[in-house]
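Enquirer: pasting the sequence and the predicted model now:
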Amino acid sequence: MTFAPARHTTYMASLVTERTDTARRIVAQMRVKQPRMARPPGPNGAMAAVTMMAGRQAPHEFFSGLADRHEPVTHISLGGEHVHVVFSPEAIWDVFVTNGRHTRKSLGLQMTRPLLGEGLLTADGPVHLRHRRAIQPLFHNKRIDGYVADMGAAAGVTSSRWHDGELLDIAVEMSELTLDVIGRTIFGVDLRVQAPAFAGNLDTVLEGFARGLGPLASPLSRVPTPHRRREIAAIEELDAIVDAMIADRARAIADGHVGSDLLTLLLTSTDDEGQSTFTAEEVRDEAMTLVLAGHETTALTLTWAWHLLSHNPEYLRWLNQEIDALDGAPIDSDDLASLPRTYAVIAESMRLHPPAWIIGRWLDRDVRIGGWDLPRGSVVLASQYAMHRDPRYWPNAREFRPERWIDDAGRFDERTPGVPRGVWFPFGFGTRRCIGEHFAWTEAVVMLATLARHWQIEVDVPVEPPMMSAITLRPDVPMPAVVHRR
Ligand code: HEM
């Protein structure tokens with residue numbers, strides 16, 4: 001792949017209505033008629049849908065509660081789909097890794113297309129592969145080492161705005177901070193000023209996804225309820241922010257800008273015939289995907305980490321011992337190996353509150369899983385929330401015990417003893433594993449260490465607050481916190 005001056009100096013992106021139509025078409029193709037056959041045992045789907053729609057049980061609680069049936073595979077008929085939830089580590093591995101190439105992203109994720117279009121999260125097959133290869137260089141380990149200074153600088157801006165004893169909403173602060181980081185590192189732009197608009201519109205869209213179980217509430221519904229109209233307006237506002245960012249970069253490239261950021265990479269990438277590798281549409285979809293996937297999840301990890309540390313002061317002291325032993329200079333990539341406890345706190349935060357709480361696949365051919373034949377067109381789900389809290393694999397599963405991630409030599413180790421593969425998967429699996437995994441670990445550790453060095457953050461929220469499980473698992477209440485200078 002070679003690089004050439006920009007071709008997209010005028011920029012035309014698609015409309016949310018067009019992306020919604022595409023999603024409807026894809027979902028219709030995925031609804032294939034299935035044979036009548038024996039299905040794994042499971043609960044009544046209609047009752048389950050009513051329970052969730054009435055708000056009596058949040059989806060993450062409902063799906064993880066199915067684990068109590070002690071079946072490797074549970075079947076539930078939801079909205080006309082044959083949905084299977086897998087709870088045995090072997091079955092999870094079989095679906096997502098061994099048979100990964102015979103699957104596509106599930107119907108639930110296709111619902112995000114009005115917002116994300118066909119970006120890395122939603123695309124399948126050759127489109128996914130081409131985009132993944134093109135974008136991968138931004139996430140190489142060496143490149144991420146180079147982002148550490150920017151990450152620290154963003155944390156410094158946040159820190160400099162806080163006052164001793166101030167009351168803040170820590171979720172809002174962390175979201176602004178991680179948006180700033182993704183802007184500086186991947187996009188080469190200042191996104192902090194857009195943070196309130198991003199957060200407000202994203203809240204509206206994600207609440208829509210959380211409501212998306214009922215036929216009228218689905219993000220693909222044709223019924224223009226007031227909720228739907230608000231959601232579409234919110235997506236249009238997010239579009240406007242991302243479109244303006246791309247148009248700015250396209251103009252700068254036309255004026256001679258040379259850079260190695262995502263937008264320059266996408267806008268200037270050409271094939272051997274000199275044709276743009278990415279259409280304007282694709283540039284928009286990848287930019288939206290990376291800005292959203294790249295900040296919301298890490299913000300949640302940090303928010304839950306502060307929350308858990310507030311409830312476990314002995315572990316805050318344990319963490320601070322490690323951070324205070326550093327020399328006080330801004331954290332750089334060489335310091336990361338000296339921060340196993342900081343990594344462990346982040347891991348334990350993602351174990352108890354996995355930002356991506358469930359992942360799903362649509363089977364593109366018949367597959368035998370956990371002793372059951374599942375025909376093409378079935379949906380298979382695996383829940384991080386369920387597996388990360390499963391007492392079969394985690395001693396004191398519901399307790400915050402970051403030391404479980406520290407090995408005998410005092411190093412951080414993700415392979416905790418007694419936890420088989422297929423149980424711990426905060427970043428997914430195989431070829432669809434999170435492209436930002438190493439970026440997210442680095443960012444979360446740098447942020448936690450930089451802020452904890454100067455601040456003690458007391459989050460005043462119960463241990464298990466109400467949570468909203470839309471695409472991500474978010475607190476469903478404000479997260480008030482008082483910050484004390486150390
Ligand atoms: C704690 C932070 C994060 C968590 C827990 C997380 C989790 C995940 C998970 C579970 C998947 C797989 C989804 C599936 O299989 O259906 C995924 C994919 C993805 N994530 Fe992340 N992520 C995080 C941070 C990031 C960051 C920082 C970025 C970018 C800067 C990012 C970009 C993506 C993209 C583009 C994909 C799709 C990859 C593909 O299919 O090729 N994520 N993430």
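Expert: That came in fine, so what should we check first? Numbers count the residues shown, from 1 in each chain.

Enquirer: what about the residue minimising distance to the centre of the chain, which helix or strand?
Expert: In the chain, the residue lying closest to the centroid (C-alpha atoms, centre = their mean) is T297, at 4.4 Å. Assessed by DSSP states H and E, T297 sits inside helix 296-311.

Enquirer: tell me what that helix is packed against?
Expert: helix 170-182, helix 313-324, helix 340-352, helix 437-454, strand 455-459, strand 473-475 (3 or more C-beta pairs under 8 Å, 6 or more residues apart in numbering; DSSP states H and E). Placement of C-beta: from N, CA and C, glycine included.

Enquirer: one more time with 7 Å, if that's ok
Expert: helix 170-182, helix 313-324, helix 340-352, helix 437-454, strand 455-459 (3 or more C-beta pairs under 7 Å, 6 or more residues apart in numbering; DSSP states H and E).

Enquirer: between the ones you listed, which one is nearest to A210?
Expert: helix 170-182 (15.8 Å; C-beta to C-beta).

Enquirer: what angle separates that closest one from strand 455-459?
Expert: Here the directions of helix 170-182 and strand 455-459 differ by 130 degrees (axes from the mean of the first three to the mean of the last three C-alpha atoms, to 10 degrees).

Enquirer: what's the closest non-adjacent residue to the residue nearest to the centre of the chain?
Expert: P355 (4.0 Å; C-beta to C-beta, 6 or more residues apart in numbering).

Enquirer: let me see the contact set for the one you found.
Expert: Residues in contact with P355, defined by C-beta atoms under 7 Å, 6 or more residues apart in numbering, are 297, 300-301, 472-473.

Enquirer: coming back round to it: the helix holding T297 versus helix 313-324: what angle between them?
Expert: Using the same axes, to 10 degrees: helix 296-311 against helix 313-324 is 120 degrees.

Enquirer: and the residue of this protein nearest the ligand?
Expert: Going by C-beta to the nearest ligand atom, the ligand is nearest to G436 of the chain, at 2.2 Å.

Enquirer: can you count the residues close to that residue?
Expert: 23 (other C-beta atoms under 10 Å).

Enquirer: excluding residues flanking it in the chain, which one is nearest it?
Expert: Nearest one to G436, counting by C-beta to C-beta, 6+ apart, is G294 at 5.6 Å.

Enquirer: could you do V205 as well?
Expert: Leaving aside its sequence neighbours, V205 sits nearest to A234 (C-beta to C-beta, 6+ apart; 5.1 Å).

Enquirer: isn't the one you found right up against N201?
Expert: Yes - if you go by C-beta atoms under 7 Å, A234 and N201 touch, sitting 4.0 Å apart.

Enquirer: and the pLDDT for A4?
Expert: The per-residue pLDDT reported for A4 equals 37.

Enquirer: same question but for Y11, I mixed them up
Expert: pLDDT at Y11 comes out at 49.

Enquirer: which secondary structure element is home to R368?
Expert: strand 367-369.

Enquirer: I meant D327, not that one.
Expert: Per DSSP H and E, there is no helix or strand for D327.

Enquirer: and the helices and strands packed on helix 296-311 as TSV, adding mean pLDDT?
Expert: Below are those laid out as TSV (pLDDT from 0 to 100):
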stretch	mean pLDDT
helix 170-182	96
helix 313-324	98
helix 340-352	98
helix 437-454	97
strand 455-459	97
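
Enquirer: can you redo these as a markdown table with mean neighbour count and distance to L363?
Expert: Below are these laid out as a markdown table (neighbours: other C-beta atoms under 10 Å; distance: least, C-beta to C-beta, whole Å):
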| stretch | mean neighbour count | distance to L363 |
| --- | --- | --- |
| helix 170-182 | 25 | 33 |
| helix 313-324 | 15 | 42 |
| helix 340-352 | 24 | 27 |
| helix 437-454 | 22 | 25 |
| strand 455-459 | 19 | 41 |
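
Enquirer: turn the ones you listed into a markdown table, columns for distance to M245.
Expert: Shown next, in a markdown table, are those (distance: least, C-beta to C-beta, whole Å):
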| stretch | distance to M245 |
| --- | --- |
| helix 170-182 | 12 |
| helix 313-324 | 35 |
| helix 340-352 | 29 |
| helix 437-454 | 19 |
| strand 455-459 | 31 |
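
Enquirer: of all the ones you listed, which one is nearest L115?
Expert: helix 170-182 (16.1 Å).

Enquirer: and H307, which of the helices and strands packed on helix 296-311 is closest to it?
Expert: strand 455-459 (4.5 Å).
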